[in-house]
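Predicted model and sequence follow; I will ask about them next.
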Amino acid sequence: MPIDYRDHYVSTRGSEQNITASQAIIAGLAKDGGLYVPSFIRDCHFDIKNMLPQSYSQVAQTVFNAFLDDFSPEQIAQCVHDAYQTGLFEDNTYPVRVQKAKDRYFLELYHGPTCAFKDMALTILPHFMTNAVNIQNIGREIVILTATSGDTGKAALSGFCDVPGIDIIVYYPKDGVSLVQEKQMLTQPGQNTCVVGVRGNFDDTQNGVKAIFSDQALNAEINAKGFQLSSANSINIGRLLPQVVYYFYSYCELVRQGAIACGDPVNFVVPTGNFGDILAGYYAALTGLPVNRFVCASNANRVLTDFFETGEYDRKRPFYKTMSPSMDILISSNLERLLYDVSKDPETVAQWMGTLQSDGSYTVPDAIKAQTQKAFWGGFADEDQTSAAIADMFKSHGYLIDPHTAVASCVYDQYQKATGDETPTIVLSTASPYKFATNVYKSIYGDIPEHLDDFGVLSALSDATSTAIPKPLAGLADRPNRHNHVCDVDEMSGSLQDFLSRLK
Ligand SMILES: *Cc1c(COP(=O)(O)O)cnc(C)c1O
């Protein structure tokens, strides 16, 4: 008998149940501050054999049909087509690629419009959102509110640009993103887009956005004006589901390449910040993907490495700005979804999150720790190790990787040493090396020629490595800025209200 999947998203903190996918996508965050999770996930099973002959879009449809409970198959097919098959990606059939270098497989997820893996989800989320608004008959304009550590912002702006009925405001830490990332955002076209630099780091920025979401009075005022807030951060379940797809797809690709037999386990190494990408992999494993271990790779902000080792999550520590800024995060929001899955206890999850908020840390019991350790191995790479990994991968193996991917590759080396595990391994490659050209160039060649700015380095890197600058980044330096707003954390809601008054 087919399982009735309807009405089954729940909040990790227990106060909301029987939420449909479209409701969860529009709301973003649950009212109790928790995250929506599919309570039916352990009843969901995908048969890999059926996926082997499928295109990326077909695999995507299979996954979405199971999770988007109140979307019709026709709506889902249209969303998938609009995101992945209309020329946004370098290749309409293979939006992602698997490349072998050294002894590992790199899953390149950066061939989309903004050159970071976030495109995989943010090209389709606007289509999910538009359908969700129709399904729920929302009579208001949706305003997407997003905090970004660099890549989400541009990918979201690009995805939502001029989408009817939806507006988007992006907050980024003013001095916490790369120049290329900043320029990508500041040059964003669209009548419905707004970009604001915040004086603070990413955690401050993300907390500012969470505060706006939970400010009931402000939300009532905004609703009265005909708007409704929503989120494009990875706390939105509509962001996570598209990321489940490429775990299945890359596995099938290894089978097709003859690297593994169907059913063999693999490892995934994931450069991690907010824990969204790696959690999507965990969801794939829960729904039938044979995974031996997830390796959770952090940079110097090693809060997750420590958590998997000790069971204590402690954000009271120095915050480091690194060359992998999209992972400069001390509060990994999606870990809450993992804790919900392993504990099955929303009350306790709510307690841990409350303690994190009030005291800056919480500790899970040994039984929970043991369960997380079975599925995850945590490690980190500092700045020197990251540089060395970039240099080695290019000089010894002819393969160019960005700093986030280098963190992952380096942590995988550590994992191999520590465990001796020889399971075939896929490293998620999350950004084009050209997005972080200055640090990539420095890591391989030493100093940057003096006359070059960050944008000149793109050409220098291209010349030196005989690789091409991705189209979306070529000519970026010459595009005019369209946004120039900067504010303090406590002025973020004011910036939002200014934007809304410009819209009406
Ligand atoms: C966002 C991002 C990450 C981290 O992904 P999470 O889902 O936040 O863990 C890693 N690498 C790059 C390039 C990113 O943009």
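Okay, I see it.

got the residues of the protein near the ligand?
Within the chain, the positions adjacent to the ligand are 116, 118, 151, 234, 271-277, 326-327, 404, 430-431 by Cβ under 6 Å from any ligand atom. The C-beta positions use only the backbone N, C-alpha and C, and glycine is treated the same way.

which among these end up buried?
116, 118, 151, 234, 271-277, 326-327, 404, 430-431 (16 or more other Cβ atoms under 10 Å).

how many other residues sit next to V489?
One way to gauge burial is a neighbour count; for V489, by other Cβ atoms under 10 Å, it gives 16.

just to revisit the earlier point, which one of the residues of the chain next to the ligand sits closest to S333?
Checking the residues of the chain next to the ligand against S333 by Cβ to Cβ gives N274 as the nearest, at 5.3 Å.

Can you tell me the SS state at that closest one?
Here N274 is recorded as coil under DSSP: H, G, I helix; E, B strand; the rest coil.

just checking, it touches S333?
Yes: here N274 reaches S333: they are 5.3 Å apart, a contact under Cβ atoms under 8 Å.

element containing Y171?
According to DSSP states H and E, Y171 maps onto strand 166-173.

got the CA coordinates for that strand in PDB?
Output of strand 166-173 as PDB, limited to C-alpha atoms (Å, rounded to 0.1, in the frame of the first residue of the first chain):
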ATOM      1  CA  ILE A 166       8.800  37.400  -4.800                       C
ATOM      2  CA  ASP A 167      11.300  40.000  -3.500                       C
ATOM      3  CA  ILE A 168      14.700  39.300  -2.000                       C
ATOM      4  CA  ILE A 169      17.000  41.100   0.500                       C
ATOM      5  CA  VAL A 170      20.400  39.700   1.200                       C
ATOM      6  CA  TYR A 171      22.600  40.600   4.200                       C
ATOM      7  CA  TYR A 172      26.300  39.800   4.200                       C
ATOM      8  CA  PRO A 173      29.100  40.500   6.700                       C
END
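
just checking, what packs against that strand?
With contacts taken as 3 or more Cβ pairs under 8 Å, 6 or more residues apart in numbering; DSSP states H and E, strand 166-173 sits against helix 125-136, strand 141-147, helix 151-160, helix 179-186, strand 193-199, helix 202-214, helix 492-503.

so of those, which one's packed in deepest?
Across the helices and strands packed on strand 166-173, the average number of neighbours (mean count of other Cβ atoms under 10 Å) peaks for helix 151-160, which reaches a mean of 28.

quick one: that one to strand 166-173, angle?
160 degrees (axes from the mean of the first three to the mean of the last three Cα atoms, to 10 degrees).

Now do helix 151-160: distance to the chain's middle.
Using Cα atoms, centre = their mean, to the nearest Å, the distance from the centre of helix 151-160 to the centre of the chain it belongs to is 11 Å.

Stretch 11-21 now?
Relative to the mean C-alpha coordinate of its chain, stretch 11-21 is positioned 22 Å out (Cα atoms, centre = their mean).

Tell me the span between the first and last residue of that stretch.
12 Å (Cα to Cα, to the nearest Å).

Buried residues of it, list them for me.
By neighbour count, with 16+ other Cβ under 10 Å as the criterion, the buried positions of stretch 11-21 are S11, T12, R13, G14, E16, I19, T20, A21.

Considering these, which is situated nearest to L338?
Taking Cβ to Cβ as the measure, L338 lies nearest T12 of the buried residues of stretch 11-21, at 9.7 Å.

Let's verify the nearest residue to P265 once chain neighbours are set aside: helix, strand, or coil?
The shortest distance from P265 to any residue that is not its chain neighbour, by Cβ to Cβ, 6 or more residues apart in numbering, is 4.0 Å, and that residue is N292. The assignment at N292 comes out as strand when based on three-state DSSP.

wait, what's in contact with N292?
Applying Cβ atoms under 8 Å, 6 or more residues apart in numbering, we find N292 in contact with P265, V266, N267, D421, T423.

Just the buried ones among these, please.
V266, N267.

Quickly name whichever of the contacts of N292 is closest to the ligand.
Using Cβ to the nearest ligand atom, N267 is the member of the contacts of N292 that lies nearest the ligand, at 16.9 Å.

What residue, apart from its backbone neighbours, is nearest the closest one spatially?
T425 (4.2 Å).

and the gap between that neighbour and L338?
Using Cβ to Cβ, to the nearest Å, we find T425 at a distance of 21 Å from L338.

quick one: which of those two has more around it?
L338 (23 against 20).

residues in contact with the host helix or strand of the more buried one?
Secondary structure here is read from DSSP H and E; on that basis L338 sits in helix 335-343. Residues outside helix 335-343 that contact it (Cβ under 8 Å, 6+ apart): 12, 34-35, 37, 41, 275, 279, 282, 286, 304, 307, 313, 346, 349, 352-353, 364, 368, 371-372.

next helix or strand past it?
Under the assignment DSSP H and E, the closest C-terminal helix or strand after helix 335-343 is helix 346-359.

Please state the offset of the helix or strand following that next one from the chain centre?
In the C-terminal direction, the helix or strand that comes right after helix 346-359 (DSSP H and E) is strand 361-363. Between the mean C-alpha location of strand 361-363 and the chain-wide mean there is a distance of 24 Å, by Cα atoms, centre = their mean.

got the helices and strands packed on strand 166-173 as JSON lines, with mean pLDDT and distance to T465 columns?
Below are those laid out as JSON lines (pLDDT from 0 to 100; distance: least, Cβ to Cβ, whole Å):
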{"stretch": "helix 125-136", "mean pLDDT": "95", "distance to T465": "33"}
{"stretch": "strand 141-147", "mean pLDDT": "94", "distance to T465": "33"}
{"stretch": "helix 151-160", "mean pLDDT": "93", "distance to T465": "22"}
{"stretch": "helix 179-186", "mean pLDDT": "92", "distance to T465": "17"}
{"stretch": "strand 193-199", "mean pLDDT": "98", "distance to T465": "31"}
{"stretch": "helix 202-214", "mean pLDDT": "90", "distance to T465": "30"}
{"stretch": "helix 492-503", "mean pLDDT": "96", "distance to T465": "40"}
